[in-house]
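Trainee: attaching a predicted model along with its sequence, questions to come.
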Amino acid sequence: MPDRTLGEWLRYLEQLHPVDIDLGLARVRIAAENLHLLPYDLDVITVAGTNGKGSVVYSSEAILRQHGKRTGRYTSPHLLTFNERIAVNGDPVSDEQILEAFTAIEAARGDVTLTYFEFATLAAFWIFKEQQVDVAIMEVGLGGRLDAVNVVDANLAVITAIDLDHQHWLGDTVEKIAPEKAAVARYGCPAVLAEPSYPATLFATLEEIGAQALHAGEHWFWQSDAQALSLRLHGSEETLSFVVPDGLRGGNVAAAIQVCACLLGPALDERLTARSLAGLRVPARRQIIHIAGRELLLDVAHNPAAMQAMVDYLNDRPIAGQTIAALGLMADKDLASMASALATGVDGACALAIPGIDRAASPEVIWQALDDVGVAIPQGEFSAEAVWTQLLAGSSAGDRLVVCGSFHSVAGIMSLLKLELPSASDEP
């Protein structure tokens with residue numbers, strides 16, 4: 001596809017494979033082998049889990065960069081531009097680099113069709129190899145075992161909190177979901193478990209793989225409130241103390257520090273780690289912006305556990321004014337549970353449409369769920385423009401506005417307001 005723009009490529013990828021999500025490694029492995037990506041000769045940290053993956057990826061990147069490592073960061077989905085998904089040393093790569101990767105993948109795949117996510121994942125691995133990064137930090141898209149990220153053997157893995165999400169693909173209990181996440185670990189390699197509690201099926205899977213489980217509360221320890229984090233790393237008797245970056249959960253930051261310690265060993269420096277965290281801002285993770293006299297909080301809380309965590313964050317930080325939310329979601333989410341959780345932290349809420357996404361929930365259905373729990377604000381329109389206008393009209397200076405749910409819903413408001421992402425390059 002010579003002389004195609006990135007936008008044209010992305011439209012092509014959206015229709016290349018018959019379905020958006022097609023879990024399995026056979027097709028992506030063929031392309032990876034043809035691209036000479038296997039075996040992958042870089043250090044790889046793979047991060048799986050239900051919530052907190054992005055926070056671990058961004059925190060790990062910041063720490064490793066501060067220690068002089070050249071990093072590759074892969075996350076999904078994106079908020080404003082596709083380039084966000086693939087970053088080298090904290091900066092999104094250029095259109096030209098992505099186009100070069102896409103051209104190579106298109107030639108290598110032959111008759112094998114790939115999903116949009118599989119194409120993007122291979123592009124990340126290809127670019128990181130071309131750019132000769134020291135460490136590739138990869139966020140799993142869905143599950144783990146059959147996710148395209150898992151085509152490469154990671155020598156380090158992190159597993160964050162596990163909860164119910166994507167049950168159609170992963171299973172309807174956390175006991176079924178946990179082995180899917182654990183399968184990103186590899187024989188003899190550390191698997192950092194961020195939480196003190198996991199289903200027994202996760203440990204059974206790690207034991208079957210032969211991975212070195214580093215379980216929080218057993219092999220290493222952390223304790224955190226909203227602002228302070230203390231931890232004792234695996235193999236150390238020293239207690240380290242850090243300030244938790246705004247909007248992040250201490251346990252996810254702790255897991256990032258522990259996995260970086262596995263990679264860096266004695267070279268991990270407390271002062272450099274503290275400096276890296278002091279400058280860290282993760283987009284749309286309880287991200288706060290002050291606009292028109294209001295506090296605007298952006299959070300991609302897109303499942304019940306994440307929504308409850310966001311509401312806890314709001315309730316721990318009461319304001320004198322009212323809190324009004326806008327919620328947009330995919331249709332496969334537990335809408336009733338999420339609306340119930342949201343209702344405990346806001347004075348009112350709007351439904352937000354997500355145009356152009358077949359999997360999106362109808363805003364009318366979202367509004368009805370909000371009405372069922374007594375917080376729905378009467379609406380005539382559901383577009384980002386209409387909802388933002390309504391949020392402003394129904395609020396005053398000193399109030400708090402919350403835009404939450406799907407990445408796409410948060411991105412719609414960010415695009416409307418012409419908000420920019422925090423720059424990882426600005427870290428001290």
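Mentor: Great, that's in hand.

Trainee: the strands in the stretch 51-200 of the chain, which residues?
Mentor: Assigned by DSSP state E, counting those that start in this stretch, the stretch 51-200 of the chain shows strands spanning 71-74, 86-88, 91-92, 135-139, 156-159, 190-193.

Trainee: I'd like to know which of those strands lies nearest to T173.
Mentor: Between T173 and the strands of the stretch 51-200 of the chain, the shortest gap by CB to CB is with strand 156-159, which sits at 16.8 Å. Every residue, glycine included, has its C-beta placed from N, CA and C.

Trainee: output the contacting helices and strands for the closest one.
Mentor: Under the contact criterion of 3 or more CB pairs under 8 Å, 6 or more residues apart in numbering; DSSP states H and E, strand 156-159 touches strand 43-48, strand 190-193, helix 250-264.

Trainee: how about a markdown table for these, with distance to L231 added?
Mentor: Shown next, in a markdown table, are the helices and strands packed on strand 156-159 (distance: least, CB to CB, whole Å):
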| stretch | distance to L231 |
| --- | --- |
| strand 43-48 | 18 |
| strand 190-193 | 12 |
| helix 250-264 | 5 |
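
Trainee: could you dump the ones you listed to TSV with mean pLDDT and mean neighbour count?
Mentor: Shown next, in TSV, are the helices and strands packed on strand 156-159 (pLDDT from 0 to 100; neighbours: other CB atoms under 10 Å):
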stretch	mean pLDDT	mean neighbour count
strand 43-48	98	27
strand 190-193	98	27
helix 250-264	97	26
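
Trainee: and R400, what does it touch?
Mentor: Contacts for R400 (CB atoms under 8 Å, 6 or more residues apart in numbering) come out as R294, E295, L296, L297, L314, I319, G321, Q322, T323, I324.

Trainee: so which of those residues are in strands?
Mentor: Among these, DSSP state E puts R294, E295, L296, L297, T323, I324 in strands.

Trainee: just these now: which is nearest D225?
Mentor: The closest of these, once distances to D225 are taken by CB to CB, is L297, at 19.3 Å.

Trainee: hang on, A157 packs against A213?
Mentor: No. Between A157 and A213 there is no contact, the gap being 9.8 Å when judged by CB atoms under 8 Å.

Trainee: mind checking which of these two has more residues around it?
Mentor: For A157 and A213, the more surrounded residue by other CB atoms under 10 Å is A157, and the numbers stand at 33 against 21.

Trainee: contact partners for the more buried one?
Mentor: I45, T46, V47, A48, V184, A185, R186, C189, P190, A191, V192, A211.

Trainee: and with 6 Å instead?
Mentor: A157 is in contact with T46, V184, A185, A191, counting by CB atoms under 6 Å, 6 or more residues apart in numbering.

Trainee: what is in contact with A157 and A213 at once?
Mentor: Taking CB under 6 Å, 6+ apart as the criterion, A157 and A213 both touch A191.

Trainee: re the thing from before, ok, so of the contacts of R400, who is nearest H67?
Mentor: If you rank the contacts of R400 by distance to H67 using CB to CB, L297 comes first, at 31.4 Å.

Trainee: what is the burial count for that closest one?
Mentor: 22.

Trainee: ok, what's across the strand from the residue nearest to it when sequence neighbours are not counted?
Mentor: Distances taken as CB to CB, 6 or more residues apart in numbering put V402 closest to L297, at 4.8 Å, once the chain neighbours are dropped. Note on V402: beta-bridge partners L297, A325, judged by DSSP bridges.

Trainee: wait, isn't V402 in contact with E295?
Mentor: No. With contact defined as CB atoms under 6 Å, V402 does not count as touching E295 (9.1 Å).

Trainee: who has more neighbours, these two?
Mentor: Counting neighbours by other CB under 10 Å for V402 and for E295 shows that V402 has the greater number, 25 against 17.

Trainee: next one: that one from M330, what distance?
Mentor: 18 Å (CB to CB, to the nearest Å).

Trainee: try I137
Mentor: With CB to CB as the criterion, I137 and M330 are 25 Å apart.

Trainee: show the pLDDT at the residue lying closest to G72 once chain neighbours are set aside.
Mentor: Nearest residue to G72, sequence neighbours excluded (CB to CB, 6+ apart): F128, at 3.6 Å. You'll see F128 listed with a pLDDT of 98.

Trainee: I'd say F128 and A136 touch.
Mentor: Yes. Using CB under 6 Å, F128 is in contact with A136, at 4.6 Å.

Trainee: returning to that earlier point: out of I137 and M330, which sits in the more crowded spot?
Mentor: Between I137 and M330, counted using other CB under 10 Å, the more crowded position is I137 (31 against 20).
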